[in-house]
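K.L.:
give the three-dimensional model of this entry:
(3 chains)
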Amino acid sequence: MPELPEVEAVCRKLRPAVVDRKIVSADIRRCAPVGTAERVSGRSILAVARVGKHILIRLSAAVTLHVHLRMSGNLFAIPDHRFCGASARILFRLNDGSGMVLEDPRALARVEVCETAELDRALSAAAGPDPLTPAFTAAAFAGLARASRQPAKLFLMDQRRVSGLGNIYAAEALYRARVDPRKPIQRLTKPRLDRLHSAIVSVLSDAVQSAVSAYAGPGEFLEAESFPIHVYGREGEPCAVCRTPIRRISQGGRSTYFCPACQR
DNA sequence: AACACGACCTGGTAGC
DNA sequence: TGCTACCAGGTCGTGT
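P.N.:
Numbers count the residues shown, from 1 in each chain, chains lettered A, B, ... in the order given. Predicted coordinates:
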């Protein structure tokens, strides 16, 4: 589930439901260090922000609840905390009777409480530009690309270079830009880099739109044009453009899907 | 600096 | 049906 678009959808859905509430207490079953409940109880939720795939829940007293959903996590609000499902890893009880729930079947998600200033400093030092912010210009992207010899796909997935792409959207952006995932990023011509830069922005923007609609929740049927996945998970299927079978290879221990004819 | 690999976890599914 | 093996949208630490 969670790459940048899904995390953005989570934040948008969460925001109106939790901002201006106070955390009364918390049940921490997994995914957070001991003492977390004590450190958030009694604090107000001021804002919900996102950097790449990181969710930053700003609390009073200059503290931030830092949430990373990793592979299978999900974070959402429920109207009544008494009806929290048994599969929840964490339940935050809010002062209006509602709840904020972390679910994660694999329990790989991570939640921690940090001093806001310290966390923001660490994140801005470690994380590359978020493609949905003005900082992600074609020039900035080209500058980062020039400094790396990584294969294009690994470069895109490296959160220190660009924040927010994961295995699916990295593959889809490369497909949209017609760039070979194995090609060293450094060796792409400027026109190709520009094409890749635009593809990243458009893929993520489109995916945010559909993730937000898809995330409308039960009872809210929005006819969402769901994001078209052209290569991810489609090994052997014909490319939508040229009918060449989609190939799967392994890069950095993960599957990469691409069209060997279109992407050069 | 780049890369490979195991660890962290659980659940779904393809194949026998 | 039941077992096994492998795969999964992410990141971190270790070793080469």
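
K.L.:
how near is the residue in chain A positioned nearest to DNA strand C to A:Gly35?
P.N.:
Nearest residue of chain A to DNA strand C: A:Gly166, at 1.8 Å (C-beta to the nearest atom of the strand). Every residue, glycine included, has its C-beta placed from N, CA and C. In this view, A:Gly166 and A:Gly35 are 30 Å apart by C-beta to C-beta, to the nearest Å.

K.L.:
count of neighbours near the closest residue to DNA strand B within the stretch 51-200 of chain A?
P.N.:
Nearest to DNA strand B in the stretch 51-200 of chain A, going by C-beta to the nearest atom of the strand, is A:Arg106, at a distance of 3.3 Å. For A:Arg106, the neighbour count with other C-beta atoms under 10 Å is 11.

K.L.:
coming back round to it: distance of the residue of chain A closest to DNA strand C from A:His54?
P.N.:
Taking C-beta to C-beta, one finds A:Gly166 at 13 Å from A:His54.

K.L.:
what pLDDT does the residue of the stretch 51-200 of chain A closest to DNA strand B get?
P.N.:
On pLDDT, A:Arg106 comes in at 96.

K.L.:
repeat that for A:Glu118.
P.N.:
At A:Glu118, the pLDDT recorded in the model is 96.

K.L.:
how about A:Gln263: what's its closest non-neighbour residue?
P.N.:
Excluding the flanking residues, the one nearest A:Gln263 by C-beta to C-beta, 6 or more residues apart in numbering is A:Asp180, at 4.7 Å.

K.L.:
related to what we said a few turns ago, between A:Gly166 and A:Gly35, who's got more neighbours?
P.N.:
A:Gly166 (21 against 10).

K.L.:
ok, now which ones touch the residue lying closest to A:Asp130 once chain neighbours are set aside?
P.N.:
Once flanking residues are discounted, A:Asp130 sits nearest to A:Ser163: 4.7 Å by C-beta to C-beta, 6+ apart. A:Ser163 makes contact with A:4, A:51-53, A:127-131 under the criterion C-beta atoms under 8 Å, 6 or more residues apart in numbering.
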